[in-house]
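In: got a sequence here, can you model it:
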Amino acid sequence: MTYRVRRHTTSQTFKVNGQLCKVFLEPCNEYLPGFWAWNVGFAIGKSKRQINDWYWKRKNKRWRSLNNQLTGRNGIKAIKEGFNAVLRMRWNIEPGDCMMLDCTSKEPDKQFKAWLRWHKKHPEWLVDFIDRKFYWYRPPYSTDQIWDQFKIEKVIPEDPLANTLDLRYFDSFRIHPKVQGTPLSMDETMNLLSQVLSIDLVDQWHTGALLSTLDPDLLNNQEEQNEAKH
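Out: Numbers count the residues shown, from 1 in each chain. You can find the predicted model right below:
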């Protein structure tokens, strides 16, 4: 990345049948230059103060009472709502960043199996079965060669709860020329795009998928150039 983005802890609070639930999203470490790993925390409690004490490990009575629970009296429904909150919040992180969801409750096996239920619909999440952790990387991945050729602008997909498999990989970002004021010809653009396809989607890719990530001004400039030639 050619610019530095400050990252801050964010959270979302909601209720399930009267119980207070909260999801935390906290930047933890820079796993590659310019790309960060984020920790996801999810808890159900009686008050925001109790949940905050649990997440920040303030070892008091409130922390102990919550640390002995898994999902409260609403069980799997709360986990479902929590996972949907995570899916919506993931678009707050920067392209190429990674989210880590671990199982640190009193019953980690039970918690892991509960989270695993949604993996069938979101198979792009990587699963660590030994440490009971889930990882999700926001497109374009930090290893994608598209970073070498373009500036990346993050956008929120039309369906924020959908997975990022196949062509949906391209729905959450737009690309711009790195050097402003030097619009690329269509041939140059297509040559660059053909070089940056570094993910396992090349057999399913078609021109419109990647062109949809281009800055509209770039395409408009190209149309004007073509009209001028004729």
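
In: any figure for the gap between the nearest residue to Glu30 once chain neighbours are set aside and Cys98?
Out: Nearest residue to Glu30, sequence neighbours excluded (C-beta to C-beta, 6 or more residues apart in numbering): Trp36, at 5.4 Å. Any C-beta I mention is one placed from the backbone N, CA and C, and that applies to glycine too. Taking C-beta to C-beta, to the nearest Å as the criterion, Trp36 is separated from Cys98 by 7 Å.

In: please apply the same query to Trp147.
Out: The span separating Trp147 from Cys98 equals 15 Å under the rule C-beta to C-beta.

In: okay, domains of the protein per the record?
Out: Under automatic domain parsing, the residue ranges defining each domain of the chain are 10-137, 146-229.

In: mean pLDDT lowest for which of these?
Out: With a mean of 66, domain 146-229 has the lowest mean pLDDT of those.

In: identify the residue spatially nearest to Asn163, adjacent ones excluded.
Out: Leaving aside its sequence neighbours, Asn163 sits nearest to His122 (C-beta to C-beta, 6+ apart; 4.6 Å).

In: and the one you found, what is it in contact with?
Out: Leu87, Trp136, Asn163 (C-beta atoms under 8 Å, 6 or more residues apart in numbering).

In: most neighbours out of these, which is it?
Out: In terms of neighbour count, Trp136 stands highest of these at 21 neighbours, by other C-beta atoms under 10 Å.

In: the spatially closest residue to Leu126 that is not a sequence neighbour: neighbour count?
Out: In this structure, Leu126 finds its nearest non-sequential neighbour in Tyr135, 4.2 Å apart by C-beta to C-beta, 6+ apart. Burial of Tyr135 is recorded as 15 neighbouring residues (other C-beta under 10 Å).

In: CA atoms only: put stretch 100-115 into PDB for me.
Out: These are the backbone C-alpha positions of stretch 100-115, laid out as PDB (Å, rounded to 0.1, in the frame of the first residue of the first chain):
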ATOM      1  CA  MET A 100      -9.500 -13.500  13.200                       C
ATOM      2  CA  LEU A 101     -12.300 -15.000  15.100                       C
ATOM      3  CA  ASP A 102     -11.300 -17.300  18.000                       C
ATOM      4  CA  CYS A 103     -13.100 -19.500  20.500                       C
ATOM      5  CA  THR A 104     -12.100 -18.400  24.000                       C
ATOM      6  CA  SER A 105     -15.300 -19.100  26.000                       C
ATOM      7  CA  LYS A 106     -15.500 -21.600  28.900                       C
ATOM      8  CA  GLU A 107     -16.600 -24.200  26.400                       C
ATOM      9  CA  PRO A 108     -14.400 -23.600  23.300                       C
ATOM     10  CA  ASP A 109     -15.400 -26.900  21.500                       C
ATOM     11  CA  LYS A 110     -19.100 -26.000  21.700                       C
ATOM     12  CA  GLN A 111     -18.400 -22.400  20.600                       C
ATOM     13  CA  PHE A 112     -16.200 -23.700  17.700                       C
ATOM     14  CA  LYS A 113     -18.900 -26.000  16.500                       C
ATOM     15  CA  ALA A 114     -21.500 -23.200  16.700                       C
ATOM     16  CA  TRP A 115     -19.400 -20.900  14.500                       C
END
